[in-house]
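*Asks:* Give me coordinates for this.
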Amino acid sequence: MRSSDRNSGDGRKPRSAGGTGGTGGGAKRGSKDGPKRKGTPRPEERRYDVGDTGQSGANKPGGVARPKPSTKPTGNRGRKPVPARPRELDAQIEERNRARHDKPKVNLPKTFPGAEQEGERLQKVLARAGMGSRRACEELIEQHRVEVNGKIVIEQGLRVTDQDEVRVDGLTVATQSYLFFALNKPAGVVSTMEDPDGRQCLGDYVTNRETRLFHVGRLDTETEGIILLTNHGELAHRLTHPRYGVKKTYLAAIQGPLPRDLGKRLKDGIELEDGYARADHFRIVQNTGKNYLVEVTLHEGRKHIVRRMLSEAGFPVDKLVRTSFGPIPLGDQKSGWLRRLTNTEVGMLMREVEL
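*Replies:* Got it, this is the predicted structure:
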């Protein structure tokens, strides 16, 4: 027993049965009997006591201080209840928000912040009407060639609206986005924008236009020549109204011989089933044997008026071409071709009907 005690014993105290007071069979580190260690204890020497002994880790040997739980309320805990808003107040707030968001946005000019300007600058209107570039239109204003509502413009920057009357060299300028075209209608084309029977019509020549156009007056299906297309309703109405007496000129191919008094008879009036029809002008353009090419000018627009007049006089028409509509001539425009009228031509048309 003594030999075994000598071999197994190393001078250390034996473990207690309950295992209390010792750590791994050795003396307590940091106790009175053991050597003192300075600084932070090693990880293996730390103790993390978890229990309800009432002693924190900082007061225990080798322990580490643990933060105390906060006693302040988190989130909405501990707050006083907020009283609900009255329904009247909620209704007022909602109405105010709707009024703010539903308010229409006003685009103010950049050059005049805070003030809404009406109309458009005169030089821009003239440029859009085809009078040239803006710089060229400014030169027209500087030369005192532009009138607005009957007064000559003497300075730049004037703004105009669609209700203002703008003239350049005495000719009215279309201030709105109006379109004016002249078509040389071929024979066989119906003078309508749409044809329910599927025949070729005037609408086939302007299918790529975004704005709806309509024709000014009519031409017989077998009659060729100039016909105007536009979206200016008032101008179209006046051009076809008998009150304004816009003249149309036709070339007719007939068979002779012709009496010398044919022109006088046409000017005096030919009696038709719907009343007398009178020509404003008549002349013989060409004569080859019995073939005659005559020119007839009149301001009436009744159906088949030229054909009926010449037929009643004893000379049926073989071919008929309208060569001018008011101040707009057909010229050398080819059959089936559509061209846009110049601003000068539009001004002459408007002057013709007092626009």
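
*Asks:* Pull the contacting residues for Met193.
*Replies:* Cys201, Leu202, Gly203, Val206, Leu213, Phe214, His215 (C-beta atoms under 8 Å, 6 or more residues apart in numbering). Every residue, glycine included, has its C-beta placed from N, CA and C.

*Asks:* And for Gly269?
*Replies:* Gly269 is in contact with Tyr276, Ala277, Arg278, counting by C-beta under 8 Å, 6+ apart.

*Asks:* can you pull out the helices in the protein?
*Replies:* Counting by DSSP state H, one finds helices in the chain at the ranges 2-8, 87-101, 122-128, 134-142, 233-240, 262-268, 305-313, 343-352.

*Asks:* Kindly indicate which of the contacts of Met193 lies nearest Ile154.
*Replies:* Using C-beta to C-beta, Leu213 is the member of these that lies nearest Ile154, at 37.4 Å.

*Asks:* Spatially nearest residue to the closest one (excluding sequence neighbours)?
*Replies:* Closest residue to Leu213 apart from its sequence neighbours, by C-beta to C-beta, 6 or more residues apart in numbering: Leu229 at 4.7 Å.

*Asks:* The one you found pairs with what?
*Replies:* Phe181, His215 (DSSP bridges).

*Asks:* okay but it is in contact with Cys201, surely?
*Replies:* No. Contact criterion C-beta atoms under 8 Å: Leu229 and Cys201 do not qualify, at 11.7 Å.

*Asks:* what about these two, which has more around it?
*Replies:* Leu229 (23 against 19; other C-beta atoms under 10 Å).

*Asks:* Check what pLDDT that one gets.
*Replies:* pLDDT recorded at Leu229 is 92.

*Asks:* shaky segments in the stretch 1-150 of the chain?
*Replies:* Low-confidence segments of the stretch 1-150 of the chain (pLDDT under 70): 1-83, 100-117, 130.

*Asks:* Kindly recompute the last result at 50.
*Replies:* 1-11, 13-14, 16-32, 51-64, 108, 110-116 (pLDDT under 50).

*Asks:* picking that back up, out of the contacts of Met193, which are buried?
*Replies:* Cys201, Leu202, Gly203, Val206, Leu213, Phe214, His215 (16 or more other C-beta atoms under 10 Å).

*Asks:* got those as a markdown table, with distance to Leu89 and pLDDT columns?
*Replies:* Converted to a markdown table, the buried ones among the contacts of Met193 look like this (distance: C-beta to C-beta, whole Å; pLDDT from 0 to 100):
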| residue | distance to Leu89 | pLDDT |
| --- | --- | --- |
| Cys201 | 67 | 91 |
| Leu202 | 66 | 90 |
| Gly203 | 62 | 87 |
| Val206 | 61 | 84 |
| Leu213 | 59 | 83 |
| Phe214 | 59 | 85 |
| His215 | 65 | 90 |
